[in-house]
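>>> what shape does this take:
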Amino acid sequence: MDDSLRRRLDQIGEAFEATLEQLADPEVLGDQDKYREVATRHSELKAIVETYREYVAAETEIAEASELADGDVDDDMAGYLDTTIAEQTALRDRLDQELRVLLVPKDPDDDKDVIIEIRSAAGGDEAALWAADLYRMYERYAERNGWGVEAINVSPTDGGGLKDATIAIKGKGAYSRFKFEAGPHRVQRVPKTESQGRVHTSVGTVAVLPEVEDVEVEIHDNDLIVETMRSQGPGGQSVNTTDSAVRITHTPTGIVVSCQDEKSQLQNKLKAMRVLRARLYQIQLAEQLGERASVRRSQVGSGERAEKIRTYNFKENRVTDHRIGLTVHNLPDVLDGDLAAIHEALAADDVARKLAEGA
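Coordinates of the predicted model:
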């Protein structure tokens with residue numbers, strides 16, 4: 001471990017000790033927001049500090065055992081010291097790697113709830129059915145993790161598919177996993193309506209947005225055009241007799257958000273505002289990073305069949321994530337929400353890339 005990394009870890013140790021003092025400060029204890037902020041910082045630093053202490057302890061063991069081994073010792077003691085040095089060296093090297101991973105900057109949005117937008121793209125009716133499958137897959141995945149699922153806006157088709165759907169997933173760490181789902185998802189299968197048994201390729205696009213609070217995005221009422229209409233069912237027929245559906249246009253950006261799932265116009269407006277806030281937050285982040293296009297647009301892509309982050313091939317029982325070249329042969333399980341192995345591989349690749357960039 002080089003000196004610059006040691007100095008950084010020493011500074012983190014000092015910051016950790018400072019959080020301990022702050023958590024005992026009556027002034028901090030009396031301010032819930034400040035206490036929550038300090039407690040979060042304390043928790044983030046604790047794992048790094050404890051791992052570094054283990055690393056230093058392993059280094060000390062190696063140094064002491066090496067010093068003894070250089071002296072006059074019998075064969076039994078020499079063997080014991082050699083074993084100790086080898087074990088502690090392996091431990092030190094493992095802890096060194098763990099520390100580098102822990103020091104990778106964490107995505108500040110990782111612990112947030114998430115809003116997911118699913119749309120049928122290339123493939124007609126089959127794409128709509130695929131969008132419905134993606135919707136169910138995410139519902140199952142959320143259930144496996146104990147996260148809540150809330151429908152914000154769902155537009156079904158006559159054949160049991162989905163034109164588009166917007167859902168909220170609520171639970172700590174939801175964004176840290178669902179962010180890996182953003183992009184075009186390609187399916188290759190024989191549609192139920194295909195009499196010749198030919199495989200068709202269809203695409204569903206997924207946008208993943210961290211849900212944000214009012215204070216994180218400023219929205220002016222003068223920038224909004226709010227329209228009301230009757231909710232529509234499959235085929236466009238009205239499903240209620242009141243103008244409860246809401247469409248909001250944000251004039252500075254041209255973003256349009258609709259919601260019709262609730263019977264109350266007010267509830268639909270509140271839900272639509274949540275989606276608008278999340279989309280504006282993504283644009284805000286993109287501008288901060290100096291990107292020309294919004295993060296959401298880069299996630300969704302054009303929806304063409306050739307575009308994909310992942311392919312689901314029914315004939316071969318295969319799911320391939322093209323970003324990391326990972327293929328698994330358990331398609332029914334994946335569609336039932338078993339995404340853990342894929343997400344763990346994507347998260348490991350994300351950390352490895354960040355480590356390489358920081359090297």
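>>> for stretch 255-266, how far is the first residue from the last?
20 Å (Cα to Cα, to the nearest Å).
>>> okay, buried residues for it please.
255, 257, 258, 259, 260, 261, 262, 265 (16 or more other Cβ atoms under 10 Å). Bear in mind the C-beta positions are built from the backbone N, C-alpha and C, glycine included.
>>> cool, stretch 35-46 as well?
35, 38, 41, 42, 45.
>>> can you name the two of the residues you listed that sit furthest apart?
35 and 45 (15.8 Å; Cβ to Cβ).
>>> quick one, strands of the stretch 101-250 of the chain?
For the stretch 101-250 of the chain, applying DSSP state E, counting those that start in this stretch gives strands covering 114-120, 148-156, 162-170, 183-189, 200-210, 224-229, 245-250.
>>> check contacts around the residue nearest to residue 149 when sequence neighbours are not counted.
Nearest non-adjacent residue to residue 149, counting by Cβ to Cβ, 6 or more residues apart in numbering: residue 142, 4.9 Å away. Residues near residue 142 by Cβ atoms under 8 Å, 6 or more residues apart in numbering: 148, 149, 169, 171, 174, 337.
>>> residues contacting stretch 272-290, please?
115, 117, 152-153, 166, 168, 209-212, 214, 216-217, 219, 246-248, 250, 253, 255, 257-259, 293-296.
>>> where in the stretch 1-150 of the chain is pLDDT low?
For the stretch 1-150 of the chain, applying pLDDT under 70 flags the ranges 123.
>>> do a quick rundown of the helices in the stretch 151-300 of the chain.
Taking DSSP state H, counting those that start in this stretch to define them, one finds helices in the stretch 151-300 of the chain at 174-178, 265-288, 295-300.
>>> how about CSV for those, with distance to residue 131 added?
Shown next, in CSV, are the helices of the stretch 151-300 of the chain (distance: least, Cβ to Cβ, whole Å):
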stretch, distance to residue 131
helix 174-178, 16
helix 265-288, 17
helix 295-300, 13
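>>> out of these, deepest packed?
Across the helices of the stretch 151-300 of the chain, averaging neighbours per residue (mean count of other Cβ atoms under 10 Å) puts helix 174-178 on top, at a mean of 23.
>>> longest helix of the chain?
Longest helix of the chain, by residue count under DSSP state H: helix 32-69.
>>> elements contacting it?
helix 3-23, helix 26-29, helix 75-102 (3 or more Cβ pairs under 8 Å, 6 or more residues apart in numbering; DSSP states H and E).
>>> how about those in JSON lines, adding distance to residue 285 and mean neighbour count?
What follows is the helices and strands packed on helix 32-69, written out as JSON lines (distance: least, Cβ to Cβ, whole Å; neighbours: other Cβ atoms under 10 Å):
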{"stretch": "helix 3-23", "distance to residue 285": "26", "mean neighbour count": "14"}
{"stretch": "helix 26-29", "distance to residue 285": "30", "mean neighbour count": "12"}
{"stretch": "helix 75-102", "distance to residue 285": "24", "mean neighbour count": "15"}
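>>> and those helices: which comes nearest residue 108?
Nearest to residue 108, of these and by Cβ to Cβ, is helix 75-102 at 16.0 Å.
>>> relative to helix 32-69, how tilted is that closest one?
Helix 75-102 and helix 32-69 are oriented at 150 degrees to each other (axes from the mean of the first three to the mean of the last three Cα atoms, to 10 degrees).
>>> who are the packing partners of helix 75-102?
Using 3+ Cβ pairs under 8 Å, 6+ apart, helix 75-102 sits against helix 32-69, helix 340-358.
>>> is it possible to get TSV of these that adds distance to residue 223?
Converted to TSV, the helices and strands packed on helix 75-102 look like this (distance: least, Cβ to Cβ, whole Å):
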stretch	distance to residue 223
helix 32-69	29
helix 340-358	35
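>>> so which of those helices is nearest residue 224?
Of all the helices and strands packed on helix 75-102, helix 32-69 comes closest under Cβ to Cβ, at 28.8 Å.
>>> domain parsing for the chain?
3-102, 114-351 (automatic domain parsing).
>>> between the two ends of the shortest one, how far is it?
Right, the one you point to is domain 3-102. Domain 3-102: ends 18 Å apart by Cα to Cα.
>>> so, low pLDDT: which residues of the stretch 201-350 of the chain?
Residues of the stretch 201-350 of the chain that meet the cut-off, pLDDT under 70, sit at 214-215, 231-242, 288-307.
>>> and the residue sitting furthest away from the middle of the chain, helix, strand or coil?
No residue in the chain sits farther from the centre than residue 72, which is 57.2 Å out by Cα atoms, centre = their mean. What DSSP: H, G, I helix; E, B strand; the rest coil gives for residue 72 is coil.
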